[in-house]
Every structure is written in C-alpha cells, then in structure tokens.
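Trainee: sequence and predicted structure are below.
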Amino acid sequence: MMRLVPGVAADTIDYTELDRAGYATLTVVPAFKQHAYRRYNRKHQLISFTSETEWGVVQTIFEPATLTTTTRVGPTLAKLALYQTGHTTQHGKNSEYEAFLLAVPGQAALPVSRILERTTVVGGDTLRLDVLGYRDEQVVKAESYYAIGHAPRQREGGIIVLPTAGHAHRSLEGHYIPNSRSTYNAAGWLTSMQSLPTPPQLAAKPVTQTSADGLSRVTTSSSTDTTTTTYLRNMHGQLLREERRSTYVLPSDAPPYSKLAGPSFTQYNYLPNGLLHSKSGNQGIRYEYHYTFY
C-alpha cells in the first residue's frame with residue numbers, strides 16, 4: 001500500500017511537495033510510514049485529504065459549495081467504508097458543524113454517534129468552540145475552548161470550564177482559563193509563545209479534544225510549568241534562533257538539582273536560495289533541508 005517517493009533518503013525526517021501556488025500536495029513521514037495527499041480546486045480550496053499509514057487509509061472529501069464532508073476508512077483505497085458525513089451551517093459570523101458517525105465493521109464501537117461543533121463570536125476577536133458528543137440523542141460529552149486573535153495570529157487560547165459536565169450549554173457561560181499566549185511584532189511575525197500551567201482545580205482531570213470526524217484525539221495532561229519559546233528573525237522574517245525555557249513549580253522539599261533545567265535552543269542558517277540547515281545547541285543534532293524548485 002505504501003508508495004516510495006523518489007528522492008526520499010532513508011534518514012529523511014519529513015518530505016513535502018507543493019503545487020505552483022505554494023499549497024502542500026504531498027507530505028511524507030518515513031518514521032511513521034505515513035503519506036498524506038491533498039487536492040485543491042481552482043480556488044485553492046481543499047477538496048480531498050487522504051492519509052495512508054501501515055494501519056490503513058482515511059480519506060475525507062470536502063465539498064466547498066455545499067459545506068459538506070464525507071470520510072471513509074479502510075485497509076486500502078480499494079476497500080473503503082463510509083465512516084462519517086458532516087455539514088456546516090453558517091449563521092452570520094457564527095457556524096455549526098454537525099457530523100454523523102457510522103460503525104465500521106472490524107473496528108471498535110464508537111463512543112458517540114453524533115458530534116456538534118458550535119463556533120461563536122463572543123465579542124471582538126474572541127471565538128468560542130463548544131463540542132457536544134451525542135449517543136442516542138443524549139449528550140454524553142461536552143467540551144469548550146476559546147481563542148483570542150484572528151488565525152493564524154492567535155494571541156491567547158484555552159479551555160472553558162463548564163458549570164455542569166456533560167450538559168448541553170447554549171449560553172456563553174463558563175470560566176475561561178488560558179493555556180497559551182503568543183506575541184507578534186509589527187510585521188506580524190511570531191516573537192514568543194508561552195504554555196501556561198494547569199490550574200490546581202483542573203490538575204486531576206486531563207482535557208481530551210476529539211476531532212470532528214472522531215478519528216483523532218489529543219489529550220492535554222496536567223502541567224505544572226510555564227514554557228516560553230522566543231523567536232529571533234532577520235529583516236526578511238526568516239527564523240534565526242528559537243529558544244525554549246521552562247519554569248517549574250516544584251514541592252518545597254524537592255532536591256536543588258531538579259530546578260536547574262537550562263534553556264534549549266535551535267539555530268538556523270540560510271543561503272541565498274533558502275534554508276540550508278539547523279542545529280540544536282543542546283543535543284548537537286543537525287538537520288539539513290533540501291529544496292527542489294520548478
């Protein structure tokens with residue numbers, strides 16, 4: 001099922017092909033034996049996404065005109081079964097995405113049969129995302145998130161703690177708790193990004209975010225440290241140095257050496273035709289980036 005890509009060496013970490021407009025059409029991660037293919041229409045809107053791994057194939061078809069999606073899964077492209085259908089409804093600046101999930105033979109039972117994602121403009125440039133999971137028309141899961149700033153320049157993001165877990169909230173209630181903050185310079189380039197610690201009241205309950213099609217899930221575990229990454233760029237916006245620092249919150253009886261975590265950094269060097277290599281100052285790891293232009 002996996003296809004070899006000409007020019008991809010055995011030690012390649014990732015490989016990307018772009019179309020003439022600069023949109024990624026193929027990405028390859030050899031370490032995970034993963035290929036991802038993207039197709040676009042003449043307006044550069046994504047119309048299909050296919051992911052192939054050693055575990056199987058996931059293919060999603062997007063229809064921009066009708067705002068619908070269809071996802072199929074299977075062991076190979078020739079043996080795909082319908083897994084999910086979804087539709088987006090626009091309500092002014094707000095929108096709702098509703099997805100129906102179907103059981104696929106040979107796979108584990110799904111925890112939910114319907115997912116509803118509601119995106120609401122709270123005020124100014126603040127967006128709120130409420131995700132509801134249904135089983136037999138009963139809400140069995142409810143999660144909420146927020147973001148401040150217009151994509152891709154999000155200044156702050158976090159979770160919203162709902163008053164009653166598992167309850168379908170249609171109002172804007174809840175306690176907003178940030179978990180990330182970012183700053184940008186006058187040219188719009190990212191200069192620093194900060195990951196914030198988990199508040200004590202949430203430390204015992206990791207937050208899990210599930211994708212709309214139910215195929216991927218990310219769990220944010222409790223964090224007791226603040227990690228700040230700063231970015232140094234040249235006048236052209238090219239990244240020259242990336243430095244990461246963490247501040248840990250440790251018990252009073254923790255040994256002194258546990259608080260001596262130094263910063264880590266990566267330096268980038270360029271040639272006139274683009275990026276040549278990067279080097280991590282801590283591990284001494286060097287990466288090379290090769291480009292082919294057409």
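Mentor: Yep, that arrived.
Trainee: so what's residue 36 up against?
Mentor: Counting by Cβ atoms under 8 Å, 6 or more residues apart in numbering, residue 36 touches 26-28, 49-52. Where C-beta positions appear, they are placed from N, C-alpha and C, glycine not excepted.
Trainee: 10 Å instead, please
Mentor: By Cβ atoms under 10 Å, 6 or more residues apart in numbering, the residues touching residue 36 are 16, 24-29, 49-53, 58.
Trainee: give me the buried subset of those.
Mentor: 27-28, 49-52, 58 (16 or more other Cβ atoms under 10 Å).
Trainee: can you pick out the most distant pair from the residues you listed?
Mentor: 28 and 58 (15.8 Å; Cβ to Cβ).
Trainee: show me where pLDDT drops low in the stretch 151-294 of the chain?
Mentor: Within the stretch 151-294 of the chain, the stretches with pLDDT under 70 are 164-172, 199-224, 248-262, 273-276, 281-288, 293-294.
Trainee: all strands for it, in order.
Mentor: Listed in chain order, the strands of the stretch 151-294 of the chain (DSSP state E, counting those that start in this stretch) span 156-161, 175-184, 190-195, 207-210, 217-220, 225-233, 239-248, 264-271, 274-280, 286-288.
Trainee: quick one: the helices in the stretch 51-200 of the chain?
Mentor: Here the stretch 51-200 of the chain has no helices by DSSP state H, counting those that start in this stretch.
Trainee: so which of the buried ones among the contacts of residue 36 belong to strands?
Mentor: Applying DSSP state E to the buried ones among the contacts of residue 36, the entries found in strands are 27-28, 49-52, 58.
Trainee: ok, residue 72 touching residue 78?
Mentor: No: taking contacts as Cβ atoms under 10 Å, residue 72 lies outside contact range of residue 78: 11.3 Å.
Trainee: tell me which of those two has more neighbours.
Mentor: Each of residue 72 and residue 78 has its neighbours counted (other Cβ atoms under 10 Å); residue 72 has more, 19 against 8.
Trainee: give the bridge partners for the more buried one, please.
Mentor: residue 59, residue 82 (DSSP bridges).
Trainee: noted, bye for now.
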